[in-house]
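K.L.:
When you get a sec, could you give me coordinates for this:
(chains A and B)
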Amino acid sequence: MLEMKGVNSAYGRAHILYDLSLKAGRGEVVVLLGRNGAGKSTTLKTLIGLVPALSGEISLDGRRIERLEPYQIARLGLGYVPEERRIFTDLSVMENLEVGKQAPRADAPHWTLERLFRLFPNLADMRERPGAHMSGGEQQMLTIARTLMGNPRAILLDEPSEGLAPLIVEQMAKTILELKQEGLCVLLSEQNLHFANLVADRAYIIEKGHIRYEGTMAGLAANEQIRAAYLSV
Amino acid sequence: MSLSALFIQLLNGLASASSLFLVAAGLSIIFGITRIVNFAHGSLYMLGIYTAYSLVQTFGGGMLGFWGGVLCAGIVVGLFGALVERLLLRRLYHAPELLQLLATFALVLIVRDFALWIWGPEDLLGPRAPGLAGAVAIAGREFPQYDLFLIALGPVVLLLLWLLLTRTRWGTLVRAATEDREMAGALGVNQAWLFTSVFALGSFLAGLGGAVQIPREPAVLTMDLTILSDVFVVVVVGGMGSIPGAFLAAVLIGVIKAFCIGIGNVSLFGLDFSFSKLTLVIEFVVMAVVLAFRPWGLLGRRQGLPRGAAPVEAPLHLPSTGMLKALAAMLALLALLPFVSDRYTLVLLTDILVFALFAVSLHFIMGPAGMHSFGHAAYFGLGAYAAALLLKHAVPMELALALAPLGGGLAALFFGWFCVRLSGVYLAMLTLAFAQIAWSVVYQWDDFTGGSNGLVGIWPAPWLASGSAFYYLALVLCAAAVLLLWRLVYTPFGYALRACRDSPLRADAIGIDVRRQQWLGFALAGLFAGLAGAIYAFSKGSISPDSLSIPRSVDGLVMVLMGGIQTLTGAVAGAAVFTWLQDVITRQTEFWRALLGAVILFLLLAFPQGIAGFLRERWEARAGRSDG
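P.N.:
Just a heads-up that it's a prediction; the model follows:
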């Protein structure tokens, strides 16, 4: 479904990712774990094309995308939910959703406004509210809803639980599992192992731009050494 | 003034505000999404008025011919704008944003000569509008029907634009991309088409704004820069990116201007004061006042940098020994030149030295201090005038030359106090406003500055009268000043300036008084520009208001940007190339502007890092190979 093979990428002269390879399949939730500055966000940004890949291959459903512009990648069905939410604060909830809207795809779940409002009931009550006047949790819901308006096949979530109240975090986990149920491929980055345990099937651990571990969540739970080396603060 | 006259002036003001609003709205929309300060916007307006003139001539002045011609002119200009965006600006979106500004300035030059080539140098006045050619009686006076139409046009366009931006998907996408274009792209929005369509709409509005003026105003070749400064003021007063703000500001400025014309000469406390003379400068006064109280304009908001569009400035490295040797060799070469070159070359070289200092002083605030000045010529010109006036008041030439830089420095100290309170495009516009105010004072104060004729007979002392003696004076002064400015960049003061540029917040937090540093930097740059101006005055023997006009400020910008803003030596290289090019090209052809514009565009596309930046990259690549 979504695959990176030997990808290197850099911001200007700062080399961030080294020969990174990873995969995520349809109906699978894969988590990218690592400390601050390990390269999690850069990995997701490289996938969506915001950071150019210097070398290596990236493919979505077998189609090579590493040379495409972000908008082209998004139109092929890769959704991206950024870390800092990046709601359009001047635009209302409905207008934010409008920006993300794309035509339905035969091989991906089709999200109508009604379905999205069922998934995120809070948003239904604030359709005309400007993005600037929403709480952090509401904005986080809106960014995901906005990305789903593009009817993606696969979705990238950059630290979706960060800065949210515990109750909202739980709701977020439920949402991610619903997306999995729909058959979406979900790749998320996380620092919060507890949250990862709630949602993910498999994990990669990234450190200084290198993949250090790859395996199931159960395998990770059993491997005290790895967790101590790369995740504990 | 009677009440009815007052009312008529109000209507006059509203009529001229409409066209101004159309053009300003176009500029504002383009700036909002592309973050390009489109210097060519005035040229689009000018193209609109010329094209409308020709189309109405072709179609005939009937109802359909006139109105069809006006509308088609807008559309033609809109298509032209789209073409420019796709063929030219698109290639520069990844370049530093000031280079895009430079590209649009090159377009100004090209369009000006294109208009000269097609329509010739004479002023062209279009026919009256059929159906609206008469006048109506308002408050006991005759008021042109056409002006009533214009009064209605502004609000109608405002309403249509508002509907377009808030009620259509296109408008929603434009507003989203204006706020965060990278995010919009990651959601599948094709920015390329959005930018082109926004450029087309903005150009259409500029073209239409020009086209509707044909019955009121003759088409003149210099109107591109005149309207441009008006429109900059409107957009900045209204708040960058705010369409209703642009409308409000256009009305405010249109009406105030009309009143100034209407009031005419007034005796106040026994002093005769001419309000009509104020019209040249009143809008800039309004702008300075508004920005002093509302730094982001009437309806504007604090301007964050658009996300993902702010390149980090590379650190400046201390010059290598190789570089220093090259500089020393260059100075030695310059010192030997009088022995081998003719008088003409020496004059050109003196010009280059003067403009190199001018450009380096501008680079000092633009590069290390990050304050983009669009009005740096003010300090150059005031230095020149200070030198001339001191000489005229019997001060010896040597002393006049020594004191004159203070003319630029004190003015920069005064203007800078206001300017450093702003940042980004607002700061740039305020510097432009102050320069225009300074120009207009010098231009109109006949008794003191000689007005538009300027001052003549400003010759150096006899011992400096020979060409090579004055050349050596210029060489010593300019080289010393340039080296001093470069040295300053590596002092704690220079580091503080760069810290303030890169992160005002963090600089503040470690105890740097950001405004104070920037203020001092601004004043210093003004002082050195003043020195350049003083040397210039004595090298020419005369001085005119041109020396502090907007085109001179733009020359400085072109030099700095052409050389490359990231390097210290860039400004010198840019000044040398630009001054030399201007000299060579003006002697070649009547259409020197277009040729100069084309050369600038070529240099931009070939060396997006500037000349010095390009050479440095080559140098580093070679050094890298030999190291490895």
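K.L.:
Any idea which residue of chain A lies closest to chain B?
P.N.:
A:Ala74 (3.6 Å; C-beta to the nearest C-beta). Where C-beta positions appear, they are placed from N, C-alpha and C, glycine not excepted.
K.L.:
Does that residue touch B:Asn190 like I think?
P.N.:
No: using C-beta atoms under 8 Å, A:Ala74 is not in contact with B:Asn190, being 9.7 Å away.
K.L.:
And those two? Which one has more around it.
P.N.:
Taking neighbours as other C-beta atoms under 10 Å in any protein chain shown, A:Ala74 and B:Asn190 compare with A:Ala74 leading, 26 against 16.
K.L.:
Return the distance of the more buried one relative to B:Ile36.
P.N.:
A:Ala74 sits at a distance of 25 Å from B:Ile36 (criterion: C-beta to C-beta, to the nearest Å).
K.L.:
coming back round to it: which residues does the residue of chain A closest to chain B contact?
P.N.:
A:Ala74 is in contact with A:48, A:80, A:102, A:150, A:152, B:185-188, counting by C-beta atoms under 8 Å, 6 or more residues apart in numbering or on different chains.
K.L.:
Filter these down to the ones in strands?
P.N.:
Counting by DSSP state E, the contacts of A:Ala74 place A:Tyr80 in strands.
K.L.:
Would you list the buried entries among the contacts of A:Ala74?
P.N.:
The neighbour-count test (16 or more other C-beta atoms under 10 Å in any protein chain shown) marks A:48, A:80, A:102, A:150, A:152, B:185-188 as buried among those.
K.L.:
what does chain A put close to chain B?
P.N.:
Chain A comes close to chain B at residues A:12, A:48-50, A:69-71, A:74-75, A:80, A:82, A:86, A:88-91, A:95-96, A:98-100, A:102, A:146-147, A:150, as judged by C-beta under 8 Å from any C-beta of the partner chain.
K.L.:
so what's whichever residue of the stretch 1-150 of chain B sits closest to chain A up against?
P.N.:
Closest contact between the stretch 1-150 of chain B and chain A, by C-beta to the nearest C-beta, is at B:Gly32 (10.7 Å). When contacts are counted by C-beta under 8 Å, 6+ apart, B:Gly32 is found next to B:174, B:178, B:240-241.
K.L.:
Please list which of these also come close to chain A.
P.N.:
Contacts with chain A within the contacts of B:Gly32, counted by C-beta under 8 Å from any C-beta: B:Thr178.
K.L.:
helices and strands of chain A: which one has the lowest mean pLDDT?
P.N.:
Ranked by mean pLDDT, DSSP states H and E, the weakest helix or strand in chain A is helix A:224-230, scoring a mean of 85.
K.L.:
which other residues reach it?
P.N.:
Residues contacting helix A:224-230 (C-beta under 8 Å, 6+ apart): A:33-35, A:193, A:205, A:207, A:212-213, A:220.
K.L.:
Apply 7 Å and report the result again.
P.N.:
For helix A:224-230, the surrounding residues in contact (C-beta atoms under 7 Å, 6 or more residues apart in numbering or on different chains) are A:34, A:205, A:207, A:212-213, A:220.
K.L.:
ok, now stretch B:159-167?
P.N.:
Residues outside stretch B:159-167 that contact it (C-beta under 7 Å, 6+ apart) are B:25, B:171, B:174-175, B:243.
K.L.:
rewinding a little: quick check: buried residues in the least confident helix or strand of chain A?
P.N.:
Neighbour count says helix A:224-230 has A:226-227, A:230 buried, by 16+ other C-beta under 10 Å.
K.L.:
okay, that helix in PDB with CA atoms only?
P.N.:
Provided in PDB are the C-alpha atoms of helix A:224-230 (Å, rounded to 0.1, in the frame of the first residue of the first chain):
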ATOM      1  CA  GLU A 224      12.300  -4.100  27.400                       C
ATOM      2  CA  GLN A 225      15.800  -3.400  26.100                       C
ATOM      3  CA  ILE A 226      14.700  -1.700  22.900                       C
ATOM      4  CA  ARG A 227      12.200   0.500  24.700                       C
ATOM      5  CA  ALA A 228      14.800   1.500  27.200                       C
ATOM      6  CA  ALA A 229      17.300   2.400  24.500                       C
ATOM      7  CA  TYR A 230      15.200   4.400  22.200                       C
END
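K.L.:
pLDDT averaged over the longest helix belonging to chain A - what is it?
P.N.:
Ranked by residue count, the top helix of chain A under DSSP state H comes out as helix A:166-181. If you average the pLDDT over helix A:166-181, you get 92.
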